[in-house]
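Asks: When you get a sec, could you give me coordinates for this:
(4 chains)
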Number of protein chains: 4
Amino acid sequence: MTYSVGVVGAAGFAGIELLRILSSHPRFDLVAATSDALAGAPVAEAYPAFQGLTDLRFSTHKEADLASCDAVFLAVPHTAALAMATELHGRGVTVIDLSADFRLKDAAVYERWYGVPHTQQDLLARAVFGLPELFGDELAQAAAARSQGDAVLVGCAGCYPTATSLAAAPALRGGYGDARATIIVDAISGMTGAGKGCSERTHFCFANENVEAYGVGAHRHTPEIEQILGIAGQDRLVFTPHLAPLNRGLLSTVSIPLPATGPVPTTAELVAAYKDFYGDSPLVTVLDEGVLPRTASVTGTCRAHIGVVVNERARMIVALGAIDNLGKGAAGQAVQCANIVFGLEQDTGLLGIAVPV
Amino acid sequence: MTYSVGVVGAAGFAGIELLRILSSHPRFDLVAATSDALAGAPVAEAYPAFQGLTDLRFSTHKEADLASCDAVFLAVPHTAALAMATELHGRGVTVIDLSADFRLKDAAVYERWYGVPHTQQDLLARAVFGLPELFGDELAQAAAARSQGDAVLVGCAGCYPTATSLAAAPALRGGYGDARATIIVDAISGMTGAGKGCSERTHFCFANENVEAYGVGAHRHTPEIEQILGIAGQDRLVFTPHLAPLNRGLLSTVSIPLPATGPVPTTAELVAAYKDFYGDSPLVTVLDEGVLPRTASVTGTCRAHIGVVVNERARMIVALGAIDNLGKGAAGQAVQCANIVFGLEQDTGLLGIAVPV
Amino acid sequence: MTYSVGVVGAAGFAGIELLRILSSHPRFDLVAATSDALAGAPVAEAYPAFQGLTDLRFSTHKEADLASCDAVFLAVPHTAALAMATELHGRGVTVIDLSADFRLKDAAVYERWYGVPHTQQDLLARAVFGLPELFGDELAQAAAARSQGDAVLVGCAGCYPTATSLAAAPALRGGYGDARATIIVDAISGMTGAGKGCSERTHFCFANENVEAYGVGAHRHTPEIEQILGIAGQDRLVFTPHLAPLNRGLLSTVSIPLPATGPVPTTAELVAAYKDFYGDSPLVTVLDEGVLPRTASVTGTCRAHIGVVVNERARMIVALGAIDNLGKGAAGQAVQCANIVFGLEQDTGLLGIAVPV
Amino acid sequence: MTYSVGVVGAAGFAGIELLRILSSHPRFDLVAATSDALAGAPVAEAYPAFQGLTDLRFSTHKEADLASCDAVFLAVPHTAALAMATELHGRGVTVIDLSADFRLKDAAVYERWYGVPHTQQDLLARAVFGLPELFGDELAQAAAARSQGDAVLVGCAGCYPTATSLAAAPALRGGYGDARATIIVDAISGMTGAGKGCSERTHFCFANENVEAYGVGAHRHTPEIEQILGIAGQDRLVFTPHLAPLNRGLLSTVSIPLPATGPVPTTAELVAAYKDFYGDSPLVTVLDEGVLPRTASVTGTCRAHIGVVVNERARMIVALGAIDNLGKGAAGQAVQCANIVFGLEQDTGLLGIAVPV
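Replies: Here you go, the predicted model:
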């Protein structure tokens, strides 16, 4: 038995990656791919990786019969998902939202960081957070509800929050970190993270052979990370994202202070705790002591590689998470959430291995 | 039913790509991966894309029980396959050789271009050439023989010959090209084509932000291309390979003179002829008139994209072929050949789509 | 004594490189940099390499007092230079035009390839071709005229024509090539060659990890190369440009047939002839036999590296030329031409060496 | 008047960059370039950027007449400089050491982090630290001593310490930072930082399309940064270096806590303080509020771009420094130090501007 799914915003980077994943997913049948900008154009013309493989054309959001889908993925900019999700959910369609519109539980935080009103707070209250390794219970409940006939809305975690939280959560939930100290996150993303829009930032000749930070102190993923890590409203997260000249890949380096006094755990101890924490998570691999994550090793996949080191001298845990920002950081994670909601194995259709070189 | 397979030289770039492909192949069971250099080391240590996915370790060629495999892939340097192939074939094992040792039908040509004696000419005479779209009959016969219990040896085409010949063959076999004129091939390869060996050529800082030609007039793929195109011994192929700063991808631009007189076919006519030629080839896509191949659109796959343009003014066909040098140019093609020899659909396990961006 | 110079179109890639070169030129004083699009903006804001080094702002073409300059460089798209050059030249200003408007001697050829009327044919007839190593006499005469008070117009050679012609000219002028055979040019350019405009072609994520051809059989540099090589109207040039993922650098691989019969020169003979040909050209280096040009070795400079190989077997000369498409292929060559016209050493202000790694 | 200089270790990345800079330096005459590994080879063969520009060959350290130089640059691995510097200095030669051997004032710290004995502690006590913007007085005294005939030894700052300290020093020396809080440094380097040695880390195919951290908690630049920032022995620096796929460029992101209480300065206030701090430093540019440094804007130069942002919410200063790791981070800074020691303007021969694109 298969489920029919649609992708809204299919011509963007996360959208087209959804199309790639869904095109070989054994249980989801792609029936609609919408893009108002490219409506009418063959998918294979805009993205020639699909040449010879599909005659699918983009349709407008309007003309696609999304209401008859079992699930719809929304790969649209924030604010655009507010009304769409509400309408589809209201018609009984399960919605997997990749935008930021249903991630932040506190509408006031959303409104402060995104500078727009949150018009769908009722639905927000019912949204499930889409980061299976850390919020599996929510998703399991959603799956149970869906099997009873309820529509479900999943607000999937963003790319930086995913890599950062997967790296940090075992240390924090395990009580290793100082509960009041400031956590520093410096993360590096490939250029697909900057989106499909053409600008001087994304022009090859400006991006290539360059590294830079952006959005210092102001990136909208900050409150999302705080929410996931359970430190919302504490003003103790410093998040600095950077861009590097690669297409895909995101590495988050998280510095978590240990308490000022007391024994310092060894790296081996932390690694063991991390391995235990992710023991049931097939898409997260904790690397052995002495091995550090490389983004290239997860490129093109929905996998995460996590490494952790204790800096005894400075009483600091340095945890590192590597993902593909379009895979585990966006499209892959959305499919993983959908898998769970539909009662499938979470890694269904997500078993690919990165090209080794 | 599955077949047990081994990979010799599994730690090289083609070898490790074989491991990646075979690890999700529905009908081939990987039972041995050898590397004398890395024997004993976990595959996932040398290539962390496999972290968390396999406990497999490289073994020595010697200790691996290759003789009990249904098939063995040889991903070794030329000369190294001569004895190995002979021994395994003699023991009834089907051998898929990725080296250059069993590609050239004329041992004298091999000896001239590779500067070493060909010690296995009996077996060479029985070798099948591994380029399914152009030599499908040979492979079909081999499949028939194998199903009767015979061991089979396939000498798979090289990366440049594959891209070049897929681009040129329909024009030449279709009689469009001038039968006596010189054909010019300028091809550009990603750096995996230069192999895993560390040198100043492969050092990031020398390869990055650089384009250069190499082996001008002397590259060993020259006689192989001539053989495939049926112009061996005619001294009318000029082949110039280039390196560009990308990991994977190979574009071959082939300039084929039209006869000096007579009508000039249109591009549309050629495109139609090419589409017809590859109508039964699921892994080759001929692009519509006006569309040119991009290597990125086939990266990580066993697919080929072919484009063709008629330059009326200069009476020249310009045919372009894009492949992943490690995919359709090496490991993927080897698996495709093995699929055929074992009676499977040729694209079994090779259905992946390139990341669209 | 210094000369005052202006740059029109200073915010484009060739324009900004002119600003970089001119900012340290000992004899040219930059007094105006125009960009209608960025008028009013500090140069250092658009191109932060200039941060802390200049307070210069872009001005509009109109407001800049170009008529009082000794020389003006036009780094504008084709057609835009037609009227500008005529007006400035008419007011006694020496014009160094980097556009295509005054390169092609035959206005009909210009009109055919560019699809627009050439409105300034009188001035075209007086334009000097800007490729000093091959048309030094023209420039020397222009210098003499300028020293008598005449204004001079130089139409600088394009990037592909420069690399291609520097590689091919010694073979052709030296009578080595077959005078009737077709010459094949496959060239690879870095992405700055695609210009500053944002598009899917220039977006990092589409350009990176990709190689592709474009403009096959139709690139407008074709007739320019034919003109330079003295084969205009003979329809025997096939030119295929490619893009590779690097910022700067252009490699042209030129296959020139030797006559069908007669003795074949050795590579050593050709190299000697090439070295002789460029003996007085300080910015062109002919590499020793066995050494091939790398674009990285000339990046950021106005230098050209040339290599040549004789393929005896196929009776073919393969000549290769590497330049920086924005250096010797655009801004550097424009300054070189200006140097000559103003009676300076041709490499004044152009002595930089590429970063070695 | 010019000074004769030699470069020891000239075939490495820092060494060859020294050769490039010195080849156009108006006051230093390069008389020797040594490399035991490449002795006898033409510089232009190993680094073809020099093709046609010099006939210089590498000599052995021994055969070069270094004792007769006015100054010798040592671009050698740590430990190798210990004896060399001592011998040359003893013979009255000014030594500019790029290795780590004379950077750390406390020999015990050197011995702990480098794991080898410091055999030249007398000379170490006399060494001057080479980071002109922060230790200008030391260098001025050295210049005075040299002008009296004394030999001088400068131990130049490393690449990470330079970028980090230039970014952090104004905040710390200005008393803005919390004097007891832990400082977090996450830095990203281009691959030339990994050196010329061939390894899997530096192989193009492993480095390209990848980002990774290395040496977490253990990088030897840690105590050097602490020393520069005046927090040696306080165990409150966490330094995590990363590699990204570019040749040159280093960005250091430094998170400096503000005191837990008291007023928070504005970003504008900090920017003004930074501009004031570097008012006399021609090679350091503090960017305006809202502008962040890009490594590409300083590539190929000895310049540094510094940006600073106050994160009011988390009471944190985020300071960023961008340099070329081989320029201001190695060879350029060594020449800058030599300029000062020889009484020249500090930016003599270092006026180049990065290619703007």
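Asks: So which residues on the stretch 251-357 of chain A come close to chain D?
Replies: Within the stretch 251-357 of chain A, the positions adjacent to chain D are A:251, A:253, A:255, A:257, A:292-296, A:299, A:307, A:309-316, A:318, A:320, A:322, A:357 by C-beta under 8 Å from any C-beta of the partner chain. Placement of C-beta: from N, CA and C, glycine included.
Asks: Now the buried members of the residues you listed.
Replies: Applying 16 or more other C-beta atoms under 10 Å in any protein chain shown to those, the neighbour count classes A:251, A:253, A:255, A:257, A:292-296, A:299, A:307, A:309-311, A:314-316, A:318, A:320, A:322, A:357 as buried.
Asks: pull the CA atoms of stretch A:113-123 into PDB?
Replies: Below are the C-alpha coordinates for stretch A:113-123, written out as PDB (Å, rounded to 0.1, in the frame of the first residue of the first chain):
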ATOM      1  CA  TRP A 113      12.400  37.000  15.300                       C
ATOM      2  CA  TYR A 114      10.500  36.800  12.000                       C
ATOM      3  CA  GLY A 115       8.900  40.200  12.300                       C
ATOM      4  CA  VAL A 116       5.500  39.100  11.200                       C
ATOM      5  CA  PRO A 117       2.300  38.100  13.000                       C
ATOM      6  CA  HIS A 118       1.600  34.400  13.500                       C
ATOM      7  CA  THR A 119      -1.900  34.100  12.100                       C
ATOM      8  CA  GLN A 120      -2.500  30.400  12.900                       C
ATOM      9  CA  GLN A 121      -1.900  30.000  16.600                       C
ATOM     10  CA  ASP A 122      -4.500  27.400  17.100                       C
ATOM     11  CA  LEU A 123      -2.900  25.100  14.600                       C
END
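Asks: Could I get the average pLDDT for it?
Replies: Stretch A:113-123 comes out with an average pLDDT of 98.
Asks: Buried ones in that stretch, by neighbour count?
Replies: Neighbour-count burial for stretch A:113-123 [16+ other C-beta under 10 Å]: A:113-114, A:118, A:120, A:123.
Asks: List the contacts of it.
Replies: Under the contact criterion C-beta atoms under 8 Å, 6 or more residues apart in numbering or on different chains, stretch A:113-123 has outside partners A:78-79, A:82-83, A:85-86, A:89, A:100-102, A:104, A:107, A:110-111, A:124, A:153, A:220, A:222-223.
Asks: again, 10 Å this time
Replies: Applying C-beta atoms under 10 Å, 6 or more residues apart in numbering or on different chains, the contact partners of stretch A:113-123 are A:78-79, A:81-86, A:89-90, A:95, A:100-102, A:104, A:106-111, A:124, A:126-127, A:153, A:155, A:218-224.
Asks: ok, back up a step: now, the buried ones among the residues of the stretch 251-357 of chain A next to chain D that are in strands?
Replies: Counting by DSSP state E, those place A:251, A:253, A:255, A:257, A:307, A:309-311, A:316, A:318, A:320, A:322 in strands.
Asks: For the residues you listed, work out which two are farthest apart.
Replies: Largest separation among these by C-beta to C-beta: A:Pro257 and A:Ala322, giving 22.4 Å.
Asks: ok, now which ones touch A:Arg91?
Replies: By C-beta under 10 Å, 6+ apart, the neighbours of A:Arg91 are A:66-69, A:151.
Asks: And the helices in the stretch 151-300 of chain A, which stretches?
Replies: Using DSSP state H, counting those that start in this stretch, the helices of the stretch 151-300 of chain A run over A:159-173, A:204-207, A:221-229, A:267-277.
Asks: right, and these - which one's nearest B:Gly175?
Replies: Here helix A:204-207 is closest among those (C-beta to C-beta), at 41.4 Å.
Asks: export the closest one as CSV, just CAs?
Replies: Coordinates of the C-alpha atoms in helix A:204-207 are reproduced here as CSV (Å, rounded to 0.1, in the frame of the first residue of the first chain):
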residue,chain,number,x,y,z
PHE,A,204,29.9,31.5,-7.9
CYS,A,205,32.6,34.1,-8.2
PHE,A,206,31.8,35.7,-4.9
ALA,A,207,31.1,32.5,-3.0
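Asks: Skipping its backbone neighbours, what lies nearest A:Gly195 in space?
Replies: Distances taken as C-beta to C-beta, 6 or more residues apart in numbering or on different chains put A:Phe13 closest to A:Gly195, at 6.3 Å, once the chain neighbours are dropped.
Asks: Tell me how many other residues surround that neighbour.
Replies: Counted by other C-beta atoms under 10 Å in any protein chain shown, the residues lying close to A:Phe13 total 26.
Asks: swap in A:Arg57?
Replies: Neighbourhood size, A:Arg57 [other C-beta under 10 Å]: 16.
Asks: In contact with it, which residues?
Replies: Residues near A:Arg57 by C-beta under 10 Å, 6+ apart: A:33, A:35, A:38-46.
Asks: From A:Glu63, how far out is it?
Replies: Separation of A:Arg57 from A:Glu63 (C-beta to C-beta, to the nearest Å): 11 Å.
Asks: now do A:Leu18
Replies: A:Leu18 is 19 Å from A:Glu63, by C-beta to C-beta.
Asks: quick one, which of those two is more surrounded?
Replies: Neighbour totals were compared for A:Leu18 and A:Glu63, and A:Leu18 leads with 32 against 11 (other C-beta under 10 Å).
Asks: Would you verify that the more buried one is located in a helix?
Replies: Yes: the assignment for A:Leu18 (DSSP: H, G, I helix; E, B strand; the rest coil) places it in a helix.
Asks: I'd like to know which residues of the stretch 51-200 of chain A are adjacent to chain C.
Replies: Taking C-beta under 10 Å from any C-beta of the partner chain as the contact definition, the stretch 51-200 of chain A meets chain C at A:190-200.
Asks: Put together a markdown table for those residues, with neighbour count and pLDDT on each row.
Replies: Formatted as a markdown table, these follow (neighbours: other C-beta atoms under 10 Å in any protein chain shown; pLDDT from 0 to 100):
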| residue | neighbour count | pLDDT |
| --- | --- | --- |
| A:Gly190 | 31 | 98 |
| A:Met191 | 25 | 98 |
| A:Thr192 | 28 | 98 |
| A:Gly193 | 24 | 97 |
| A:Ala194 | 19 | 95 |
| A:Gly195 | 16 | 95 |
| A:Lys196 | 19 | 96 |
| A:Gly197 | 11 | 93 |
| A:Cys198 | 17 | 90 |
| A:Ser199 | 12 | 90 |
| A:Glu200 | 13 | 87 |
